[in-house]
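K.L.:
just the structure for this:
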Amino acid sequence: MQGGAARMRQWRKRVYEVLERDAVQDATARVVHVALVLLILANAAAAVIETVPELDAHYRAELHVFELVSFVIFCVEYVLRLWVAPEHPRFRGFTTSQARMRYAMTPAAIIDLLSVAPFGLVLMFNADLRTVALFRLVRFMKLARYSPGLSSLVEAMRNERHALFACLGIISAVVLIAASAMYVAERDVQPKVFGSIPLAAWWAVVTVTTVGYGDAVPITLAGRLVAAAAMISGLVMLALPVGIIASSFADVIRRRDFVVSWGMVARVPLFAELDAGGIGEILRLLSAHTAQPGEILARRGDPAHSMYFILSGEVQVELKNGIVRLGEGHFFGEMALLSRTVRSGTIRVLSRTQLLILDGRHLDDLMARRPEIRKRIRDLQGAGTMHPLKPQGDMTTEELNEDDGPRQS
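P.N.:
Numbers count the residues shown, from 1 in each chain. Model prediction:
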């Protein structure tokens, strides 16, 4: 029984890793995510096609089959996500039922449920899919889970929700004031358009938002002055939420990049046991570089004086005894920071790659300022605990043990 429970837990953990893309360079997770994104986009396209009478009449049977297949896939996805909820870090410490209930109440799970529940009823009763076309487009919102950009934008808006509500209140006040002023200025000459504040409010909304339909136009001097003030106020008011969201979005991106960089540095055996202050010092020394396909980062026999962290993209390390490919989340060359060896292989960029680079001279300066970092690194070097080259590792063994090239003193 215990063996069966352990295997079930392993399967649940593996499904979680695939659905949440929890492991770096997981080919299965990448395929699943790409397939789900394509399915979501295809569903959005099908919802649009069904509103065209000619296309709907010609492809109705095919669209119905496609919807049935999509419904089954999204149902399976929803059930699996509920099943693996206890593996999510947010819900650890809860019982399995509590974790699943809490996950079911998250916005992402509610969107998943809305994207399948109405269609179950439609398919069961063989109703016209166009009757729930709006719910079908809800599936497009699922992209936020798979797109870091969309999820960052949602997080930015959530973080600044109080400021955005304040902006909405200010804009509403401007609209009310403009509508009231226009009512006073134009009510006698255009009673059908500005005969009441609610009627004038439509003009005010269109003007303050700078849309300008032209269906309601002031004709008196006072009305035109009010309109000019409303236009200028609208430009200022609309700039406020745009600036707030843009600033918050940039902050979210910076924080995510910081978390990613922190995790990469903390995984390096050389720095694994440093405290938060030490890792923070190292992060400040990193420089960014964008490498293009075909670029050579280092050649065999070149002096080795830097280590690299791969934020995105892929590089190829061409060694004497084979080729190793390294991708997102990998690192290589940490021994260059200590031993000042020559490169044992040529490092060639395979796709556009975002890199963080740590120069050995900068680490020397840091060790001079932080004796505890110098002691930790020297203890590791003396104990010989540096890990060897692995498919997901770096060039440690080669840079230490190659004898066919000179070493720097």
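K.L.:
now the strands for the chain?
P.N.:
Secondary structure of the chain (DSSP state E): strands at 287-291, 296-298, 306-312, 314-319, 322-327, 331-332, 346-349, 353-359.
K.L.:
could you pull up phi and psi at Leu286?
P.N.:
phi -70, psi 140 (degrees, to the nearest 10).
K.L.:
now for it, how many residues are close by?
P.N.:
Residues near Leu286, counting by other CB atoms under 10 Å, number 19. Backbone N, C-alpha and C define where each C-beta goes, glycine included.
K.L.:
average pLDDT across stretch 11-22?
P.N.:
The average pLDDT for stretch 11-22 rounds to 81.
K.L.:
ditto for stretch 279-288
P.N.:
The average pLDDT within stretch 279-288 is 77.
K.L.:
buried residues in it?
P.N.:
By 16 or more other CB atoms under 10 Å, the buried positions in stretch 279-288 come out as 279, 281-282, 286.
K.L.:
same check, this time on stretch 223-231
P.N.:
Of the residues in stretch 223-231, those buried (16+ other CB under 10 Å) are 223, 226-227, 230.
K.L.:
just stretch 359-367 next, same as before
P.N.:
Buried, per 16+ other CB under 10 Å, within stretch 359-367: 359-360, 362-363, 366-367.
K.L.:
same question for stretch 37-56.
P.N.:
Buried residues in stretch 37-56 (16+ other CB under 10 Å): 39-40, 43-44, 46-47, 50, 56.
K.L.:
also stretch 52-68?
P.N.:
56, 59, 63-64, 66-67.
K.L.:
kindly indicate which of the residues you listed lies nearest Ser180.
P.N.:
Asp56 (47.5 Å; CB to CB).
K.L.:
and Glu314, what's its pLDDT?
P.N.:
Note on Glu314: pLDDT of 88.
K.L.:
any idea how far Val324 is from it?
P.N.:
Between Glu314 and Val324 the computed distance is 11 Å (CB to CB, to the nearest Å).
K.L.:
neighbour count: these two, which is higher?
P.N.:
Neighbours per residue (other CB under 10 Å) separate Glu314 from Val324, with Val324 holding more: 22 against 17.
K.L.:
ok, that one touching Val315?
P.N.:
No: the pair Val324 and Val315 fails to qualify as a contact (CB atoms under 8 Å) at a distance of 9.3 Å.
K.L.:
just the helices in the stretch 1-150 of the chain please.
P.N.:
2-20, 27-49, 53-83, 96-104, 107-114, 117-124, 133-138, 143-146, 148-159 (DSSP state H, counting those that start in this stretch).
K.L.:
which one of those helices lies nearest to Ala200?
P.N.:
Per CB to CB, nearest to Ala200 of these: helix 148-159, 30.8 Å.
K.L.:
report the buried residues of the closest one.
P.N.:
151-153, 155-157, 159.
K.L.:
show me what it is packed up against.
P.N.:
The contact analysis (3 or more CB pairs under 8 Å, 6 or more residues apart in numbering; DSSP states H and E) places helix 148-159 against helix 143-146, helix 221-267.
K.L.:
distance from the shortest one to the middle of the chain?
P.N.:
Pointing back at helix 143-146 there. Between the centre of helix 143-146 and the centre of its chain there are 8 Å (CA atoms, centre = their mean, to the nearest Å).
K.L.:
check the longest one too.
P.N.:
For helix 221-267, the gap between its own C-alpha mean and the chain's C-alpha mean amounts to 18 Å (CA atoms, centre = their mean).
K.L.:
model confidence over it, on average?
P.N.:
82.
K.L.:
tell me the contacts of Ser248?
P.N.:
Residues near Ser248 by CB atoms under 8 Å, 6 or more residues apart in numbering: 156-157, 159-160.
K.L.:
burial count for Ala222?
P.N.:
Burial of Ala222 is recorded as 13 neighbouring residues (other CB under 10 Å).
K.L.:
ok, and the closest non-adjacent residue to it?
P.N.:
Ala185 (4.0 Å; CB to CB, 6 or more residues apart in numbering).
K.L.:
now swap in Phe94 and tell me
P.N.:
Arg102 (6.7 Å).
K.L.:
could I get the buried residues of stretch 37-56 as CSV with distance to Thr210 and pLDDT?
P.N.:
Formatted as CSV, those follow (distance: CB to CB, whole Å; pLDDT from 0 to 100):
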residue, distance to Thr210, pLDDT
Leu39, 38, 89
Ile40, 33, 87
Asn43, 34, 84
Ala44, 29, 82
Ala46, 35, 84
Ala47, 31, 79
Glu50, 34, 80
Asp56, 37, 80
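K.L.:
ramachandran coordinates for the residue sitting furthest away from the middle of the chain?
P.N.:
What lies farthest from the middle of the chain is Asp188; by CA atoms, centre = their mean that is 54.9 Å. Here is the backbone geometry of Asp188 (degrees, to the nearest 10): phi -80, psi -30.
K.L.:
against Leu41, how distant is it?
P.N.:
Taken as CB to CB, the span from Asp188 to Leu41 is 55 Å.
K.L.:
and for Phe140?
P.N.:
Applying CB to CB, the value for Phe140 to Leu41 is 8 Å.
K.L.:
likewise Ser147?
P.N.:
Ser147 sits 11 Å away from Leu41, going by CB to CB.
K.L.:
I'd like the buried residues of stretch 37-56 as JSON lines, with distance to Lys320 appended.
P.N.:
Shown next, in JSON lines, are the buried residues of stretch 37-56 (distance: CB to CB, whole Å):
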{"residue": "Leu39", "distance to Lys320": "45"}
{"residue": "Ile40", "distance to Lys320": "46"}
{"residue": "Asn43", "distance to Lys320": "50"}
{"residue": "Ala44", "distance to Lys320": "51"}
{"residue": "Ala46", "distance to Lys320": "53"}
{"residue": "Ala47", "distance to Lys320": "56"}
{"residue": "Glu50", "distance to Lys320": "60"}
{"residue": "Asp56", "distance to Lys320": "62"}
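K.L.:
how does the chain divide up, domain by domain?
P.N.:
2-146, 161-254, 269-401 (automatic domain parsing).
K.L.:
minimum distance to Ser261: which of these has it?
P.N.:
domain 269-401 (5.8 Å).
K.L.:
thought Arg348 was touching Val315?
P.N.:
Yes: the criterion here is CB under 8 Å, and Arg348 meets it with Val315 at 6.6 Å.
K.L.:
done for today, thanks.
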